[in-house]
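Enquirer: following is a predicted model, sequence given first.
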Amino acid sequence: MSTERSKQRVLFLCTGNSCRSQMAEGFLREFGGDAFEVASAGVDPIRINPLAIRVMAEAAVDISGQYSKSVDEMTAGHFDYVITVCDRAREACPVFPRAARSLHWSFDDPAEAPGAEEDRLIVFRRVRDEVSAQVRRFVSKIDRQRNV
């Protein structure tokens, strides 16, 4: 079996593909290494939020080279996991008939945080840390399954 075939293919989905799904993509690349092929997309994609890039850099994960993609670009692909990271994407997400498993992780949208930039950064950092913890649990679970 080739290395490419043994990789778990994971797609993270959210509404805008600007914060949560981008964070999840960056963390899975960081924590999962070569064991995963990862992408993210949005139901209604917009540019990556600069505050998401900033708080991820604080966690030593560079997502500045990532870009927003439409879910329409991904529907023909095969994924081992399609993971929605917001409730709106879960409701509006097209069916991925070639996805082995669909999961839902609900995170607040930091882009909707009100207030001054420092107040908004607090929300971005909280969501970043929640996404980080969830991705770590996911990687650990997949590692355990591979070792059974």
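Expert: Sure, I can see it.
Enquirer: packing partners for the helix or strand hosting residue 132?
Expert: Counting by DSSP states H and E, the element that carries residue 132 is helix 117-146. Secondary-structure packing of helix 117-146 (3 or more C-beta pairs under 8 Å, 6 or more residues apart in numbering; DSSP states H and E): helix 20-32, helix 50-58. Using the backbone N, CA and C atoms, a C-beta is placed for each residue, glycine as well.
Enquirer: any idea of the angle it forms with helix 20-32?
Expert: With axes from the mean of the first three to the mean of the last three C-alpha atoms, to 10 degrees applied, the angle from helix 117-146 to helix 20-32 works out at 50 degrees.
Enquirer: can you point out the buried residues in helix 117-146?
Expert: Neighbour-count burial for helix 117-146, counted by 16 or more other C-beta atoms under 10 Å, picks out 120-121, 123-125, 127-128, 130-132, 134-135, 138-139, 142.
Enquirer: do you know how far residue 15 is from residue 132?
Expert: Residue 15 sits 20 Å away from residue 132, going by C-beta to C-beta, to the nearest Å.
Enquirer: give me whichever of the helices and strands packed on helix 117-146 is most buried.
Expert: helix 20-32 (a mean of 25; mean count of other C-beta atoms under 10 Å).
Enquirer: now the angle between helix 20-32 and whichever helix or strand comes after that helix, please.
Expert: As assigned by DSSP H and E, the chain's next helix or strand after helix 20-32 is strand 36-42. If you take the same axes, to 10 degrees, strand 36-42 sits at 170 degrees to helix 20-32.
Enquirer: which among the buried residues of helix 117-146 gets closest to residue 8?
Expert: residue 142 (6.0 Å; C-beta to C-beta).
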